[in-house]
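*Asks:* Can you look at this prediction? I've put the sequence above it.
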Amino acid sequence: MVGTPMLFIRFGGCQAACERCDTPRARTQMSQFPIHGPAAKVVANPVKVADLTAHAMPLLRSLPFLAITGGEPLEQPGFLSLLLTRLSETGKNVLLETRGFHHRELAEVIPRVDVVALDVKLPSFSGRRLPVNATKDFLTIAMQKTCYVKVVVGPDTGEGEVMDAARLVADVGGHIPFVVQPRHDEKPPPPGEAERLLVLITQLTTILPDVRLIPQVHRVLRLR
Ligand code: SF4
């Protein structure tokens, strides 16, 4: 999916409270939100589905993909389901990015989703244990469509927790792509970090056949 032009709709609100949340702005719902792009504007929130659809339609016209991200979109399944139903008339592909806690809510919207990107929050990031059973339940539904798993890895991420996440994925579906994203920080990585990552992805290929090392492009480009 890297490099594919997309319209991003970011849902506000997330109850996960990861200790090292990297999108704190998206954890609460704002009284207004910006629309970026050629016709930039600020819109009052909460917005109605019909109004959001009207804003999104012209922006989607020349793009192949709609990406839904958060916060956590699946904490608002009713709104999400209605939005995807309204936008389905555009015929655009839909990518849903989620932390993967809400498998019942995913089951509600999966018919209108083309790609599920499961962003597994590792224990050193979230401050919680890996939610093994919840993630397996989630992946079982996500596999009805194209899906991949992503983990963000920084110099302080342990190899063991990444391997645990890969084993979890292998238990459910060995063919699911597993993306390792080196965390893009303002300061450069410490010496030896690139070599450590190369060793890590080599180890991961003993568990899963499709392992990819992909940078956080939106952070490198400073996209919001
Ligand atoms: S799931 Fe994402 S938005 Fe929610 S607390 Fe964790 S990092 Fe922040």
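*Replies:* Ah, there it is.

*Asks:* Now do the helix ranked longest in the chain: which elements does it pack against?
*Replies:* Taking DSSP state H as the criterion, the chain has its longest helix at helix 159-172. Contacts defined by 3 or more Cβ pairs under 8 Å, 6 or more residues apart in numbering; DSSP states H and E place helix 159-172 against helix 132-142, strand 146-153, strand 178-182, helix 193-204. From N, CA and C alone the C-beta is placed, and that goes for glycine too.

*Asks:* residues in contact with it?
*Replies:* Helix 159-172 is touched from outside by 120, 122-124, 130, 132, 135-136, 139-140, 143, 149, 151, 153, 176, 178, 180, 200, 203-204, 207-208, 211, with contacts defined as Cβ atoms under 8 Å, 6 or more residues apart in numbering.

*Asks:* Select only the buried ones of these in ChimeraX?
*Replies:* Here is the ChimeraX command that picks out the buried ones among those, judged by 16 or more other Cβ atoms under 10 Å:
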select :120,122,123,130,135,136,139,149,151,153,176,178,180,200,204,207,208,211
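
*Asks:* could you pick out which of the contacts of helix 159-172 are near the ligand?
*Replies:* Among these, proximity to the ligand is found for none (Cβ under 6 Å from any ligand atom).

*Asks:* which residue lies farthest from the center of the protein?
*Replies:* Distance from the C-alpha centroid of the chain, by Cα atoms, centre = their mean, peaks at Pro191 (28.8 Å).

*Asks:* secondary structure class for that residue?
*Replies:* Classification of Pro191 using DSSP: H, G, I helix; E, B strand; the rest coil returns coil.

*Asks:* okay, it: pLDDT?
*Replies:* Confidence at Pro191, expressed as pLDDT, is 94.

*Asks:* Tell me how far it lies from Pro155.
*Replies:* Distance, Pro191 to Pro155, by Cβ to Cβ, to the nearest Å: 10 Å.

*Asks:* Export the helices and strands packed on helix 159-172 as JSON lines, with columns for distance to Ser62.
*Replies:* Conversion of these to JSON lines gives the following (distance: least, Cβ to Cβ, whole Å):
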{"stretch": "helix 132-142", "distance to Ser62": "28"}
{"stretch": "strand 146-153", "distance to Ser62": "23"}
{"stretch": "strand 178-182", "distance to Ser62": "27"}
{"stretch": "helix 193-204", "distance to Ser62": "35"}
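
*Asks:* Out of these, which is closest to Arg20?
*Replies:* When these are compared by Cβ to Cβ, strand 146-153 sits nearest Arg20, at 9.6 Å.

*Asks:* And the closest one, what does it pack against?
*Replies:* Contacts defined by 3+ Cβ pairs under 8 Å, 6+ apart place strand 146-153 against strand 115-119, helix 159-172, strand 178-182.

*Asks:* Now distance to Leu95 and mean pLDDT too, for these, in CSV please.
*Replies:* Putting the helices and strands packed on strand 146-153 into CSV (distance: least, Cβ to Cβ, whole Å; pLDDT from 0 to 100) gives the following:
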stretch, distance to Leu95, mean pLDDT
strand 115-119, 4, 98
helix 159-172, 18, 97
strand 178-182, 13, 97
